[in-house]
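>>> have a look; sequence and predicted model below, questions after that.
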Amino acid sequence: MVLKGPFTIITDPSGNQWVNMTGNPGLAKGGSGDVLSGIILALMIQSGNLSEAIANGCYLHGKSADQLVELKHSDKDLLATDVIDGLASVFRTFL
C-alpha cells in the first residue's frame, strides 16, 4: 500500500513500512499517480521484488519532482509529463 501525502508511507503485506521523504506539492496534480504506477510496474518487471519496486519507485518519482522544482519548475507549473522527462536526470545521479 502506498499512502501519498507530505511524506509517502509504504506498507507491505507483512507489515513492514518505509517512509519516503522525496517529492513536493507539484505532484498533487492529475496524472502524477499514473506516472508513479508506471514507474513501480517497470521496476517490478525488472526486479520481481514488490516491496523494493514500490519503495524505489516512490523515491524516483519524488526525486524527479524535487530536481525539477529545484532547477526549472515551480510546484505550480510541474506536470506529470515533466516528472517522466526528469527521470533520466535522476537515473544519472546513480552513475
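Arrived safely.
>>> Ala28: neighbour count?
Number of residues near Ala28 (other CB atoms under 10 Å) recorded here: 13. Where C-beta positions appear, they are placed from N, C-alpha and C, glycine not excepted.
>>> for it, phi and psi?
phi -90, psi 60 (degrees, to the nearest 10).
>>> how close does it get to Gly62?
Distance, Ala28 to Gly62, by CB to CB, to the nearest Å: 12 Å.
>>> and Val90, by the same measure?
According to CB to CB, Val90 stands 9 Å off from Gly62.
>>> just Asp34 next, same as before
Relative to Gly62, Asp34 is positioned 15 Å away (CB to CB).
>>> same check, this time on Lys76
Relative to Gly62, and taking CB to CB, Lys76 is found at 17 Å.
>>> can you tell me, leaving aside adjacent residues, what's nearest to Pro25?
Closest residue to Pro25 apart from its sequence neighbours, by CB to CB, 6 or more residues apart in numbering: Asp75 at 4.4 Å.
>>> neighbours of that neighbour, how many?
Asp75: 16 surrounding residues under other CB under 10 Å.
>>> same thing with Leu95?
Neighbours around Leu95, by other CB under 10 Å: 4.
>>> tell me the SS of the spatially most central residue of the chain?
The residue lying closest to the centre of the chain (CA atoms, centre = their mean) is His61, at 2.0 Å. Secondary structure, DSSP: H, G, I helix; E, B strand; the rest coil: His61 is helix.
>>> which residues touch it?
The contact partners of His61, taken as CB atoms under 8 Å, 6 or more residues apart in numbering, are Thr22, Gly23, Leu27, Ser32, Val35, Leu36, Ile39, Val83.
>>> do the same with Ala55
Listed by CB under 8 Å, 6+ apart, the contact set of Ala55 reads Ile10, Trp18, Asn20.
>>> all set now, cheers.
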